[in-house]
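Engineer: Following is a predicted model, sequence given first.
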Amino acid sequence: MSKLEGLYLVVSPILPTDALLFAVERALEGGVDIVQFLSEQENSEVRKVAVKLAELTQGRDKPFLINTDIALAKEVQADGVHFDNLETVPAEVREALGENCIVGYTVNADMEKLRWAENVGADYVSFCAVFQTCTSSHCPIVPLEKISAARAETGLSMFAAGGINLENVEKVLATGVDGVAVASALLRAENPKQTAMAFKDRILKRHS
């Protein structure tokens, strides 16, 4: 598997379904590299959205991840699972979804969690939240200096998440992360495609 990097879109049901799927499709056209679906509910509408997101991403050969729910990931043939805790090791996920599935963890600012993720064979880690937002209010704030220090410790793919927008993304990329995870900055954008293109332009310039 090639190293995960680029623009990571976290999709949660913050918009009506049709508007949400429209925004995701436009964002994918603008260059989103990875899509994760996050929902704290379990119902038919959630499954409908997950199926549609799987179709959108598979049609563009982009990885599609489900947050926490291995059964749903298997049901919609997702490419992997993201976890906000360390209760499930990658081997359990790969037993259910296959050896090549992607497994990632939110490690906040905890370097022990980072080392755990690396030791158990995670594919990437995410640092959340680098800035306060309404969608990541449950995450502790991770100082950018902490992410820079983590970069020196690991070769794992690293993403930063939480409150990232076009005005502050340069500061985040300067820490050495492989990509940034955004949600409302794209889903609520007036033009998700152009906004995604602007994010990708900044990411590619930093990594060139």
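Structural biologist: Perfect, I can see it now. Numbering: from 1, shown residues only.

Engineer: that's a helix at residue 204, yeah?
Structural biologist: Yes. Counting by DSSP: H, G, I helix; E, B strand; the rest coil, residue 204 is part of a helix.

Engineer: Near it, how many other residues are there?
Structural biologist: Counted by other Cβ atoms under 10 Å, the residues lying close to residue 204 total 12. Using the backbone N, CA and C atoms, a C-beta is placed for each residue, glycine as well.

Engineer: Please report the distance of it from residue 64.
Structural biologist: Counting by Cβ to Cβ, to the nearest Å, the separation of residue 204 from residue 64 is 22 Å.

Engineer: For residue 159, which three-state class applies?
Structural biologist: Relying on three-state DSSP, one would call residue 159 strand.

Engineer: Excluding covalently adjacent residues, which one is nearest to residue 173?
Structural biologist: Excluding its sequence neighbours, the residue lying closest to residue 173 (Cβ to Cβ, 6 or more residues apart in numbering) is residue 206, at 4.2 Å.

Engineer: pretty sure the one you found is in contact with residue 176, am I right?
Structural biologist: No. Between residue 206 and residue 176 no contact is recorded; they are 9.3 Å apart, counting by Cβ atoms under 8 Å.

Engineer: in this protein, which ranges drop under the pLDDT threshold?
Structural biologist: For the chain, applying pLDDT under 70 flags the ranges 134-138.

Engineer: now the strands: where do they sit in it?
Structural biologist: Taking DSSP state E to define them, one finds strands in the chain at 6-11, 34-37, 64-67, 80-83, 102-106, 124-128, 157-161, 179-182.

Engineer: The last one - contacts with which helices or strands?
Structural biologist: When contacts are defined as 3 or more Cβ pairs under 8 Å, 6 or more residues apart in numbering; DSSP states H and E, strand 179-182 packs onto strand 6-11, strand 157-161, helix 169-173, helix 192-207.

Engineer: residue with max distance from the center of this protein?
Structural biologist: Among the C-alpha atoms of the chain, the one most distant from their mean position (Cα atoms, centre = their mean) is that of residue 44, at 23.2 Å.

Engineer: how about residue 174, what does it touch?
Structural biologist: Residues near residue 174 by Cβ atoms under 8 Å, 6 or more residues apart in numbering: 144, 148, 206.

Engineer: Enumerate every residue touching the second one.
Structural biologist: Read that as residue 148. Each residue near residue 148 by Cβ under 8 Å, 6+ apart is listed here: 174-176.

Engineer: Look up how far residue 17 lies from the residue farthest from the centre of the chain.
Structural biologist: 11 Å.

Engineer: got it, and residue 41?
Structural biologist: 13 Å.

Engineer: So these two - more neighbours on which side?
Structural biologist: Of the pair residue 41 and residue 17, residue 17 is the one with more neighbours under other Cβ under 10 Å, namely 13 against 7.

Engineer: what's the closest non-adjacent residue to the more buried one?
Structural biologist: residue 49 (5.8 Å).

Engineer: Just give the number of residues close to that neighbour.
Structural biologist: Residues near residue 49, counting by other Cβ under 10 Å, number 20.
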